[in-house]
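Student: okay, here's the prediction I keep looking at, along with the sequence it came from:
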Amino acid sequence: QVQLVESGGGLVQAGGSLRLSCAASGSNFKINAMGWYRQAPGKQRELVATITSGGSTNYADSVKGRFTISRDNAKNTVYLQMNSLKPEDTAVYYCNADLLRTGFPQPFNHDYWGQGTQVTVSS
C-alpha cells in the first residue's frame, strides 16, 4: 500500500508565499518522478511542476520564475515553494507520484495521487 500525504495549503494574500509538501509512504516502491498539479473551479486539472528521480524539472509557463519544485530522496518527499502568488493560482493542488512498484513477480509502474490541498490567494 502506498500513500501520498500532502500539507501546506492555506490562505495567503497576493504576493505572498506558501510551501507545499508531499510525502510518499509505504513499501516496495521506487520513485520515477513526482509532481504537482492543480485544479481551479470549473477548469481541468493542469500540470504545475514535475521533478524526476534524476532531478530534472519541468514547469508550467504560468509559474516559471515564481514556483520551485524540489525533493528529499531520503524522505520520499517533494516540495513546491510558491512565491509571488497571484489570485489566479487559487486551486486545489494535487501531488502526483509515478512509482515503480517492486516486490512483485513483475515490477510495474503506477501513478498515485494525493488527496489535494486547497490554496487560496486573495487580491
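Tutor: Thanks, I have it. Note that this is a predicted model, so its numbers are computed, not measured. Numbering: from 1, shown residues only.
Student: find the nearest non-adjacent residue to Q115, please.
Tutor: Leaving aside its sequence neighbours, Q115 sits nearest to E6 (CB to CB, 6 or more residues apart in numbering; 6.6 Å). From N, CA and C alone the C-beta is placed, and that goes for glycine too.
Student: looking at this, the one you found is in a helix?
Tutor: No. Checked against DSSP: H, G, I helix; E, B strand; the rest coil, E6 lies outside a helix; its state is strand.
Student: wait, it sits on Y112?
Tutor: No. When contacts are counted by CB atoms under 8 Å, E6 is not listed as touching Y112 (11.7 Å).
Student: when those two are compared, which one has more neighbours?
Tutor: Taking neighbours as other CB atoms under 10 Å, E6 and Y112 compare with E6 leading, 20 against 17.
Student: which residues touch the more buried one?
Tutor: Contacts for E6 were tallied using CB atoms under 8 Å, 6 or more residues apart in numbering; they are 20-22, 93-95, 114-117.
Student: out of those, which are buried?
Tutor: 20-22, 93-95, 114, 116-117 (16 or more other CB atoms under 10 Å).
Student: of all these, which comes closest to N83?
Tutor: Set against N83, the nearest of the buried ones among the contacts of E6 by CB to CB is L20 (12.3 Å).
Student: residue contacts, that closest one?
Tutor: Applying CB under 8 Å, 6+ apart, the residues near L20 are 6-9, 36, 79-80, 82, 93, 95, 117, 119.
Student: cool, thanks, signing off.
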